[in-house]
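> sequence and predicted structure, then a few things I'm wondering about:
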Amino acid sequence: MNEHQVVISGGGPTGLMLAGELALADIDVAIVERRASQDLTGSRAGGLHARTLEVFDQRGIADRFVSEGKRHPVVHVHPMPLDLSDFPTRHNYTLALWQNHIERILAGWVGELRVPIYRQREVTGFAQHDAGVDIALSDGHSLRAQYLVGCDGGRSLIRKTASIEFPGWNPTTSWLIAEAQMSEEPPFGFRHDTAGIHGIGKLEDGRGIRLVLTERQLQTTEPGLSDVRAALIAVYGTDFGINNPTWISRFTDMARQAAAYRDRRVLLAGDAAHVHAPMGGQGLNIGVQDAVNLGWKLAQVIMGISPDGLLDSYHAERHPIGVRVLRNTLAQVALRRTDDRSKALDEFVSELLRMDEPRKRHAGMMSGLDIRYGLADGHPLLGRRMPDLDLVLPDGGVRVFALLHEARPLLINFGGLGTIDSTGWPDRIQRIDATYNGAWELPVLGTVPTPAAVLVRPDGYVAWVGERTQVGLTEALTKWFGVTAA
């Protein structure tokens, strides 16, 4: 029986990101993945939001994605795209990049970190006990881990075996998506009818088409080419000679969320914790952000730095984000309906989103740039992402995100040499004295007061703000990074 400190079930974007986060902390982590390689049939998710790009930037890998994608200065959301170009971030855009490329790049990074992947195997069961989790695999072998994390999708066996409830909304609408050839050239672009919105476009290689069709009646079974042909005829009057499909799938507006993201030594992340319609392209993005929230906390518990209770903050912080995504995807599905009353609502919402304040608020939510974890009341920075400032150090300049590449906490003192004391955490905290010559500006909120010092967690969120005083620093260091080592 092979033993690891953490086993991750599922090697998609969420599982890969979590593995990378744990490997940066020198945790012995392994992935169990049913695919023989990282190859992915079909394009799947199609973009990275601004906050996810910032997360990649915090780990020094954002350029790998940006160099292969296409930037769009908007976040795509129904009923209208929302401009991000005036947001105070280096990534004030959405990056168009299909999931197969995202996974390939993430897998390359995880490979550099030497994370083992048990391929062509699946977790078939597990048993928790006081010392860890015994995990059964589909090839008859077994693993043992201190913790098991389910990143195994919406039908998660990990979630089901742990008996974690998955409440939410049943589907009301379904869509067909396919990549194939056509012997006749179709009308490219979007079409609206009484069923909904349909679209046909060319694949990147120019040798095939990708289509998404709203079905007139809800369907939930596995689709085939005959389903796609029938749907094309219903919308366009012909199937355009569709043939040689490489991928056919069906998705719905079902929206469900795990009642708990943790059951003792078993945790959930990504689609295993929340499923919803793909409107706004949020699923992959919040899965990656789940992983970054969980990774450093799990590492600290395993290393004995923090008590087991730190893991409860994972659910406390990320579950409300999932709730919000489910709500906005349900709203977008409702706005896509084509009856006259829904059209009136669509026009009303469109008019609101053309106004500056609603546009900023909604774009901030969709992009993930407005997230605030409920750490405490006080300075507007508390619980929010740390801006990627150009810091001036005694020996030169550095970006804040460059200081987070190793996923270590960061204490930045802006108040002058020796004014902030972090004695007791010397090996856990990076402490630097710096200056910043500019305004502190946050997405949606705008300019905020300049702090004298900030404590930044490994996931890039501010855990403490000093305002010409050290009050609360010891408490914040202890809460997030364990008791003093002195």
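Yep, that arrived.
> same for the strand or helix carrying A127, what does it pack against?
Under the criterion of DSSP states H and E, A127 resides in strand 123-129. In terms of contacts (3 or more Cβ pairs under 8 Å, 6 or more residues apart in numbering; DSSP states H and E), strand 123-129 is packed against strand 132-137, helix 157-161. In short, each C-beta sits where N, CA and C put it, glycine included.
> and the contacts of the longest one?
If you take Cβ atoms under 8 Å, 6 or more residues apart in numbering as the criterion, strand 132-137 is touched by 1, 7, 32, 118, 121-127, 142-148, 265-266.
> need phi/psi at the residue of the chain positioned farthest from its centre.
Distance from the C-alpha centroid of the chain peaks at G237, with 39.2 Å (Cα atoms, centre = their mean). Here is the backbone geometry of G237 (degrees, to the nearest 10): phi 80, psi 0.
> avg pLDDT for the helix ranked longest in the chain?
Counting residues, the longest helix found in the chain (DSSP state H) is helix 312-335. For helix 312-335, mean pLDDT is 96.
> now whichever helix or strand comes after it: buried residues?
Next helix or strand after helix 312-335 toward the C-terminus (DSSP H and E): helix 340-353. By 16 or more other Cβ atoms under 10 Å, the buried positions in helix 340-353 come out as D346, V349, L353.
> mind pulling up the pLDDT for the first one?
On pLDDT, D346 comes in at 92.
> please identify the helix or strand for the nearest residue to H101 once chain neighbours are set aside.
Of all residues not flanking H101 in the chain, E68 sits nearest, at 5.7 Å (Cβ to Cβ, 6 or more residues apart in numbering). If you go by DSSP H and E, E68 is not part of any helix or strand.
> and E68, backbone torsions?
phi -110, psi -10.
> any figure for the gap between N92 and L369?
With the distance defined as Cβ to Cβ, to the nearest Å, N92 ends up 9 Å from L369.
> for those two, indicate the residue with more neighbours.
Higher neighbour count among N92 and L369: L369, with 25 against 20, using other Cβ atoms under 10 Å.
> any chance of the backbone angles for the closest residue to the more buried one other than its chain neighbours?
With Cβ to Cβ, 6+ apart as the measure, P443 is the residue that lies nearest to L369, at 4.0 Å, once sequence neighbours are left out. The phi/psi pair for P443 (degrees, to the nearest 10) reads phi -60, psi 140.
> how close does H141 get to R318?
32 Å.
> out of those two, which sits in the more crowded spot?
R318 (23 against 12).
> list the contacts for the more buried one?
R318 neighbours (Cβ under 8 Å, 6+ apart): Y261, A273, Q289, D290, N293, L294.
> give me the local confidence score for the third one.
Per-residue confidence (pLDDT) for Q289: 98.
> that one belongs to a strand?
No - assignment of Q289 by DSSP: H, G, I helix; E, B strand; the rest coil gives helix, placing it outside any strand.
> for it, what are its contacts?
Q289 touches R51, T52, V55, R318, I321, G368, I371, counting by Cβ under 8 Å, 6+ apart.
> can you lay out those residues as CSV showing secondary structure and distance to M303?
Below are those laid out as CSV (DSSP: H, G, I helix; E, B strand; the rest coil; distance: Cβ to Cβ, whole Å):
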residue, secondary structure, distance to M303
R51, helix, 27
T52, helix, 27
V55, helix, 22
R318, helix, 21
I321, helix, 26
G368, coil, 28
I371, coil, 26
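> between these, which sits nearest V212?
T52 (22.6 Å; Cβ to Cβ).
> now the helix or strand encompassing L284 against helix 312-335, angle please.
Element membership for L284, per DSSP H and E: helix 283-302. Angle, helix 283-302 to helix 312-335, by axes from the mean of the first three to the mean of the last three Cα atoms, to 10 degrees: 170 degrees.
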